[in-house]
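**Q** I need the structure of the sequence given here:
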Amino acid sequence: MRLTFEQASTIRRIVREEAGNDASVRLFGSRLDEDARGGDIDLFVQTAHPVERPALFSARIAARLMRALDGRHVDLLLAAPNLRVLPIHEQARAGVLL
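**A** Residues are numbered from 1 along each chain as shown. Modelled structure (predicted):
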């Protein structure tokens, strides 16, 4: 996993502040490959409660994370009980829990 302890802690903190203490966050994608370089940070955020205006919700979390992580690009995939499940969600669920 190519995140520092501090980066992972920052991600967990911001996700919990925005999505609640019951939210989970997983890292998936190229950041799991220790031999790769660069790349954005792909995160899968799952909440136990419905999310109103999911695009705005996801954008707000991603923007806070990008600012906190010195401009590193963050792609955020959201799962909530009121949202449709897509094949990418299964791939993301296989990521590393932060």
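**Q** Helices along the protein, start to end?
**A** Under the criterion DSSP state H, the chain contains helices at 5-19, 54-68, 87-93.
**Q** Report the buried residues of the second one.
**A** In terms of neighbour count (16 or more other CB atoms under 10 Å), helix 54-68 has its buried residues at Phe57, Ser58, Ile61, Ala62, Arg64, Leu65, Met66. Every residue, glycine included, has its C-beta placed from N, CA and C.
**Q** returning to what we had before: tabulate the helices of the chain in JSON lines, adding columns for mean pLDDT and distance to Arg31.
**A** Shown next, in JSON lines, are the helices of the chain (pLDDT from 0 to 100; distance: least, CB to CB, whole Å):
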{"stretch": "helix 5-19", "mean pLDDT": "97", "distance to Arg31": "10"}
{"stretch": "helix 54-68", "mean pLDDT": "97", "distance to Arg31": "13"}
{"stretch": "helix 87-93", "mean pLDDT": "94", "distance to Arg31": "12"}
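**Q** and of those, who's closest to Leu78?
**A** Smallest distance to Leu78 across these (CB to CB): 4.9 Å, for helix 54-68.
**Q** got the buried residues of helix 54-68 as TSV, with distance to Asp35 columns?
**A** Converted to TSV, the buried residues of helix 54-68 look like this (distance: CB to CB, whole Å):
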residue	distance to Asp35
Phe57	34
Ser58	29
Ile61	29
Ala62	26
Arg64	30
Leu65	24
Met66	25
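**Q** What is the nearest of those residues to Met1?
**A** Closest to Met1, out of all of the buried residues of helix 54-68 and judged by CB to CB, is Leu65, at 16.1 Å.
**Q** My guess is the closest one contacts Arg12. True?
**A** No: with contact defined as CB atoms under 8 Å, Leu65 does not reach Arg12; the gap is 10.7 Å.
**Q** any idea which residue of the chain is furthest from its center?
**A** Within the chain, the residue lying farthest from the chain centre (CA atoms, centre = their mean) is Asp35, at 21.3 Å.
**Q** From Arg37, how far out is Ala48?
**A** 36 Å (CB to CB, to the nearest Å).
**Q** out of those two, which sits in the more crowded spot?
**A** The residue with more neighbours, out of Ala48 and Arg37, is Ala48; 12 against 7, by other CB atoms under 10 Å.
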